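In: next input, structure requested:
(chains A and B)
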Amino acid sequence: MKRYVVSGTMAALLALPQIVGAGETKLVLDGSTTVGPLAKAFAEYFMQQNPGVKISVSESGSGNGAKSLLNGTCDIATMSRAMKPEEVAAAATKGVNVVAHVVAVDALPVLVHPSNPVENLTMQQLKDIYLGTITNWKEVGGPNLRIVKISRDTNSGTYECFEELVMNKEKMANDVEYVGSNGAVRQRVMSTRGAIGYAGLAFVDRKVKALKINGVAPCAVTARNKTYPIARPLYMYTNGEPKKGSTLERFIHLYKTKKGHELVEEIGFVPVE
Amino acid sequence: MTPPQVKRSGLLLSAGAQRRQRVACMLGRGFLFAVASVSAVAVLFIFVYIVRDAVPFFSWERLREFFTSTRWYPSGSPPEFGALAIIYGSAMVTVGAVVVAVPLGIAAAVCLSDVLPFGARQIVKPVIEILAAIPSVAYGFFALVVFAPLLQEHGGRVLAVMVWLLGLPLTALAVLVLSDMLARLLGRHGQKGPQGVFAAMLGCLFIGVLIWLSRRAAAMHIDSGTNALNVALILGIMALPTVVSVSEDALQAAGRELREGSYALGATRAETLLNVIVPAASGGISAAVILGFMRAIGETMVVWMASGNAAQLPQPLYNFFMPVRTLTATIAGDMGEADHVTGSARYHVLFVMALVLLLISFACNSVSEWIIWRRRKRLGV
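Out: Just a heads-up that it's a prediction; the model follows:
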């Protein structure tokens, strides 16, 4: 008898959160580690303004975010690249109508260790470094150190953007090291003297140094007016146009509001209208 | 007059009760069989689904490229799926891990079962088993954030410390054994004076060699701390508790009688251990080695975070200071882009890698079973 009482109580306790949580609105975001910090800032602000809404943000990579949207396991897919034609076609076969919202513009700064004296690289030099043609920092005016190349893994929108804008779809050298997130790129570069890597604007701080590319330093102004060559829009994809007045629509359109612009700039991206 | 009632013994069941008993027995056995077979069926299903999704990749040119080419560009145009460097990377870090875990593990097991006093054993064994409870992502985090910068900034010093750590015990052992042998050769065995002189001379020689080696090691410079050495060491530490536990069980199972018999014949503890106990437990110890191997080859988080993930063959092949890429990290890293609908070859090649890992595990298991079977046959059990 006691056994039944105990197990019955446990079952009721486990069911409690489901009953209590039934009254809330939930939003699930998944996708890019670049857009992740921005999505989290938006989510925090939105949850503050709207108690009763629960927003969860995961960062498993742009590719994974697109998959989640197609499978219906997330409401918004945050991506740092546009959806590929194959992904859009796959969505159509599953009855998912993808709608893109450009929420900010990002520049891809090229990061090196703070002790590295090199200040500027041309696009061609950057490409040659990642192709493996240039292997030592002294060939570009730096110290006699082997260049340790860090790249994002192929899951990532950041990687795809770099591959398209810098490598022109040519294949990187096979001693390039791949890491799983922008944070990991920053961590590797700040602890390795000979390292070079690329991440998002949000990840530049005093512990790493951002190089000028073709003489232009990466920042909000140069990203917006396209003088910095490695710049890309950041997307949030939804299934269909969000209904007017719904929580989803209010969240997505945060990027147009004044507070949204503030949040975008705080993170280090460039706000859009 | 009514006939006297036959006294029914309380132990005999009526026919109805017997039938019910039999049905209940069958139901119970059937239920337990179903529950037990769930695990076997699950393994079978995993195997079937992996093979089903790997087969679309199979074609002669693709398989030849997979096993012989080192160019891994799944997102390139045209995509190249050469996994030789990745398979070599897996093999390299696993061999490194086994080299770290097996000698340490077997020595620790021998120490735990025969050398340490019982009180010390009660403390040391749980501490070693705690190593197995640490999540692998914690190991990966340590390897990436602490160990990799350590190797980059102070690589030479770390290597020199390792040379001394490995060299000193080996030196002590070698000096004792060799001075004994020398004394025997020169007919002065048992005389403390001459044997001491030999030991001192050999000791100086070996220490000199160690000093030279550590100087060479300290002069080395490691460019990138996320390399095969980092991962091999961490994987070795992860596989260690497995090896220690299973070896120690095997050594305990050798039994007191064997040890007492050996001591009764006048053998020293070292002779008993080396000539009697370890050979008697050799089946269990090989099982422990194979378990450690399987733990190392299947580990994903540590290699994804700390191996560098560069799909290249190290130059030269035994260079542990270069970043490598393993099968498990490739599956974990490429999974998001390789969608079932949007990229077929890219998706199926990951299943081919999973199939390779599965076949290696089956092979290891079979070897382990064969070793145990052969030992049983030889002992006539």
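
In: quick one: is the host helix or strand of residue B:25 near chain A?
Out: Per DSSP states H and E, residue B:25 falls inside helix B:15-54. No - with C-beta under 8 Å from any C-beta of the partner chain as the criterion, chain A is not reached by helix B:15-54; the gap is at least 16.0 Å. All C-beta spots, glycine's among them, are computed from the backbone N, C-alpha and C.

In: list the buried ones in that helix?
Out: B:50, B:53, B:54 (16 or more other C-beta atoms under 10 Å in any protein chain shown).

In: what helices and strands are in contact with that helix?
Out: Under the contact criterion of 3 or more C-beta pairs under 8 Å, 6 or more residues apart in numbering or on different chains; DSSP states H and E, helix B:15-54 touches helix B:344-379.

In: the helix it packs on near chain A at all?
Out: No - using C-beta under 8 Å from any C-beta, we find that helix B:344-379 stays clear of chain A, coming within 9.1 Å at best.

In: quick one: that helix to helix B:15-54, angle?
Out: Computed by axes from the mean of the first three to the mean of the last three C-alpha atoms, to 10 degrees, the angle separating helix B:344-379 from helix B:15-54 equals 130 degrees.

In: and helix B:344-379, what's buried?
Out: B:346-358, B:360, B:364, B:368, B:371.

In: again, but for stretch A:230-246
Out: By neighbour count with 16+ other C-beta under 10 Å, stretch A:230-246 contains the buried residues A:230, A:231, A:232, A:233, A:234, A:235, A:236, A:237, A:238, A:239, A:242.

In: so how far is it from its chain's centroid?
Out: 14 Å (C-alpha atoms, centre = their mean, to the nearest Å).

In: do the same with stretch B:244-256
Out: The answer for stretch B:244-256 is 17 Å, by C-alpha atoms, centre = their mean.

In: tell me the pLDDT at the closest residue to residue B:206 other than its chain neighbours?
Out: Ranked by C-beta to C-beta, 6 or more residues apart in numbering or on different chains and with sequence neighbours excluded, the top spatial neighbour of residue B:206 is residue B:171, at 4.3 Å. If you check residue B:171, the pLDDT there is 91.

In: check the one 5 residues further on too.
Out: The score at residue B:176 is 87. That number is its pLDDT.

In: circling back: from the buried residues of stretch A:230-246, which land in helices?
Out: Using DSSP state H, no member of these sits in helices.

In: want to throw those residues into CSV with distance to residue B:77?
Out: Output for the buried residues of stretch A:230-246, formatted as CSV (distance: C-beta to C-beta, whole Å):
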residue, distance to residue B:77
A:230, 20
A:231, 23
A:232, 20
A:233, 23
A:234, 25
A:235, 23
A:236, 28
A:237, 24
A:238, 30
A:239, 29
A:242, 35
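
In: quick check: residues of the stretch 101-250 of chain B near chain A?
Out: So far as C-beta under 8 Å from any C-beta goes, the stretch 101-250 of chain B lies against chain A at B:144, B:145, B:148, B:149, B:152, B:223, B:224, B:225, B:226.

In: repeat that with 7 Å
Out: For the stretch 101-250 of chain B, the residues in contact with chain A (C-beta under 7 Å from any C-beta of the partner chain) are B:145, B:148, B:149, B:152, B:223, B:224, B:226.

In: which elements pack onto the helix or strand harbouring the third one?
Out: Using DSSP H and E, residue B:149 sits within helix B:148-185. Counting contacts by 3 or more C-beta pairs under 7 Å, 6 or more residues apart in numbering or on different chains; DSSP states H and E, helix B:148-185 packs against helix A:182-191, helix B:192-218.

In: those helices in the stretch 151-273 of chain A, which residues are they?
Out: Counting by DSSP state H, counting those that start in this stretch, one finds helices in the stretch 151-273 of chain A at the ranges A:157-165, A:182-191, A:220-224, A:247-252, A:258-267.

In: pipe those into a markdown table and attach mean neighbour count per row.
Out: Listed next are these as a markdown table, based on neighbours: other C-beta atoms under 10 Å in any protein chain shown:
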| stretch | mean neighbour count |
| --- | --- |
| helix A:157-165 | 22 |
| helix A:182-191 | 23 |
| helix A:220-224 | 18 |
| helix A:247-252 | 18 |
| helix A:258-267 | 17 |
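
In: centre of the chain to the helix holding residue B:25, how far?
Out: For helix B:15-54, the distance to the chain centre is 32 Å (C-alpha atoms, centre = their mean).

In: how about the helices of the stretch 151-273 of chain A, which one is nearest residue B:176?
Out: Of all these, it is helix A:182-191 that lies closest to residue B:176, at 43.2 Å by C-beta to C-beta.

In: coming back round to it: wait, which of the buried residues of helix B:15-54 is closest to residue A:176?
Out: Using C-beta to C-beta, the buried residues of helix B:15-54 come closest to residue A:176 at residue B:54, 27.2 Å.

In: next step: the buried residues of stretch A:230-246 restricted to strands.
Out: Of the positions in those, A:231, A:232, A:233, A:234, A:235, A:236, A:237, A:238, A:239 sit in strands, assigned by DSSP state E.
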